[in-house]
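Asks: Show me how the following folds:
(chains A, B, C and D)
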Protein chains: 2
Amino acid sequence: MTTVLVVDDQPLQRYGFRMLLDSVPETEVVGEAAHGAEAVRKAAELRPDVVLMDVRMPGMDGIEATRRIVAAGDRSRVLVLTTFDIDEYVYAALRAGASGFLLKDARPEELLAGIRAVAVGDAVIAPALTRRLLHEFTRLVPPGGDGSTEDPRLSSLTDREREILVAIGKGWSNGEIASRFVLSESTVKTHVGRVLSKIGARDRIQAVIFAYDHGLARPQAG
Amino acid sequence: MTTVLVVDDQPLQRYGFRMLLDSVPETEVVGEAAHGAEAVRKAAELRPDVVLMDVRMPGMDGIEATRRIVAAGDRSRVLVLTTFDIDEYVYAALRAGASGFLLKDARPEELLAGIRAVAVGDAVIAPALTRRLLHEFTRLVPPGGDGSTEDPRLSSLTDREREILVAIGKGWSNGEIASRFVLSESTVKTHVGRVLSKIGARDRIQAVIFAYDHGLARPQAG
DNA sequence: GGTGCCGTAGTACCCCGGTACTACCCACCC
DNA sequence: GGGTGGGTAGTACCGGGGTACTACGGCACC
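Replies: Here you go, the predicted model:
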């Protein structure tokens, strides 16, 4: 029997979880909490096997609550649930010590399987998130050869256009690029237009993202 | 209908997979291979949606075969299977470009769910492995965010504003943010204005750069 | 009950950015 | 010579973005 603490600010959502979890013999909802602080308190009091934790809540959010529950060391595993698959949430939750991360659009059996896995010490990640997580993971651990094949969109740029793209990636306005490169703003506009067209970006913002994704722009300190 | 290429050096194992996959309407085994070289050849020839790949095989192993199939760019996704959950295998397979990694002791429905997820571009990791992977991941990604020192400009943002910033970092226009968050464009503009002011950005482009520099935005595939 | 903060929403205004053109110069190559 | 590609420059136009306001309901804190 796996004991579960359900944490969500919406009563209807908690009700749904309770109905689902109490409908199968292997899990039992032993408590509910409507916000982070209550979750931390009830986790310490009830010592559930698994805490089903919503991210967005008024007051203390699910991430901070997760951090505290895990830090308390009561052996409760935290399974984080969210509606939005925002990367920031995922990484924050995992850093906070969550044992799993599922989306609320998961099917009931997926949720039950997740709880089962978390209860025995395994971990689960929603498939839709796993892909990005793996992408990030392999990006962080690239001890192999970087692909020799450069993006064709990048190699279609002339030297000048590449310079312009780098400048866009620094966040410079057309006017700033013009003065730094000693050009007229018209010329800069012409270049920018061609860059956008070649890399398939609809505006300079997408170009900035493209530049970061392809290593033309690098994170700065501070 | 998802087409599958089964790769395993043991005929009995292949038989079992074929029986399972052909027993459900959504998957169909279109080919088999007994070792890596044959797998690469048949993948190029049959162009299956998913390659079910064993790791340990005589001759070219599953990792190298995975690398070549992924490099071929035929859009076949590789789901790696193994009996032994050796970390080395997992990391090597993921670096090789595998979309998933499951253990052979998985239940049939888990395997089918995994194939389903991989076929639509998601990724799957066996729960038993996910735990160690996450541990490794959080060890690799400690960008200051673990509690102590966060950029004061970031922590001055409300939850909502942080979501807005993430959306800006994805390159979404105000209108797109409005529709995805179900808000009026006016409200989005108000939020964006506050975000820009708080993080000291003069326009959303600088906000995108800020988001990347502070890990709120991450490179996307493609 | 008052005071802020937050999230929502609106109006009005201006400017930058992006597009669609055209145009000229230069280097290089048939 | 003529053609091509790259870099430079201009005009004209329009829409989205950003700013400066105001406003209101909900909620927490005192």
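Asks: ok, and for stretch A:75-94, which residues are buried?
Replies: Of the residues in stretch A:75-94, those buried by neighbour count under the rule 16 or more other Cβ atoms under 10 Å in any protein chain shown are A:76-82, A:85-94. For every residue, glycine as well, the C-beta is placed using N, CA and C.
Asks: cool, and stretch A:31-40?
Replies: Residues of stretch A:31-40 classed as buried by neighbour count (16+ other Cβ under 10 Å): A:Gly31, A:Glu32, A:Ala33, A:Ala34, A:His35, A:Gly36, A:Glu38, A:Ala39, A:Val40.
Asks: Show me which of those residues is closest to B:Glu26.
Replies: A:Glu32 (37.3 Å; Cβ to Cβ).
Asks: residue contacts, the closest one?
Replies: Applying Cβ atoms under 8 Å, 6 or more residues apart in numbering or on different chains, one finds that A:Glu32 lies in contact with A:Leu5, A:Val6, A:Val7, A:Asp8, A:Arg14, A:Arg18, A:Lys42.
Asks: quick one: it and A:Val51, what's the gap?
Replies: Using Cβ to Cβ, to the nearest Å, A:Glu32 is found at 11 Å from A:Val51.
Asks: Then A:Leu129?
Replies: Applying Cβ to Cβ, one obtains 19 Å for the distance of A:Leu129 from A:Val51.
Asks: Neighbour count: these two, which is higher?
Replies: When neighbours are counted by other Cβ atoms under 10 Å in any protein chain shown, A:Leu129 and A:Val51 differ, and A:Val51 comes out ahead with 31 against 21.
Asks: got the CA coordinates for the one helix or strand that one maps to in PDB?
Replies: Remark: A:Val51 resides in strand A:50-54, with elements defined by DSSP states H and E. Taking Å, rounded to 0.1, in the frame of the first residue of the first chain, the C-alpha atoms of strand A:50-54 are listed here in PDB:
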ATOM      1  CA  VAL A  50       4.700   9.900  -2.200                       C
ATOM      2  CA  VAL A  51       3.800  13.600  -2.400                       C
ATOM      3  CA  LEU A  52       1.800  14.500  -5.600                       C
ATOM      4  CA  MET A  53       2.900  18.100  -6.000                       C
ATOM      5  CA  ASP A  54       1.500  20.800  -8.200                       C
END
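Asks: Show me what that strand is packed against.
Replies: In terms of contacts (3 or more Cβ pairs under 8 Å, 6 or more residues apart in numbering or on different chains; DSSP states H and E), strand A:50-54 is packed against strand A:2-7, helix A:36-46, helix A:62-72, strand A:77-82, helix A:108-119.
Asks: ok and the third one relative to strand A:50-54, angle-wise?
Replies: For helix A:62-72 against strand A:50-54, the angle by axes from the mean of the first three to the mean of the last three Cα atoms, to 10 degrees is 160 degrees.
Asks: Mind exporting the C-alpha coordinates of helix A:62-72 to CSV?
Replies: Output of helix A:62-72 as CSV, limited to C-alpha atoms (Å, rounded to 0.1, in the frame of the first residue of the first chain):
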residue,chain,number,x,y,z
GLY,A,62,5.6,23.5,-5.4
ILE,A,63,9.3,23.8,-6.2
GLU,A,64,10.2,25.4,-2.8
ALA,A,65,7.9,22.9,-1.0
THR,A,66,9.6,20.1,-2.8
ARG,A,67,13.0,21.4,-1.7
ARG,A,68,11.9,21.5,1.9
ILE,A,69,10.3,18.1,2.0
VAL,A,70,13.3,16.5,0.4
ALA,A,71,15.6,18.3,2.7
ALA,A,72,13.6,17.1,5.7
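Asks: and it with chain B, contact?
Replies: Yes: applying Cβ under 8 Å from any Cβ of the partner chain, one finds helix A:62-72 in contact with chain B at A:Arg67.
Asks: No further questions, thank you.
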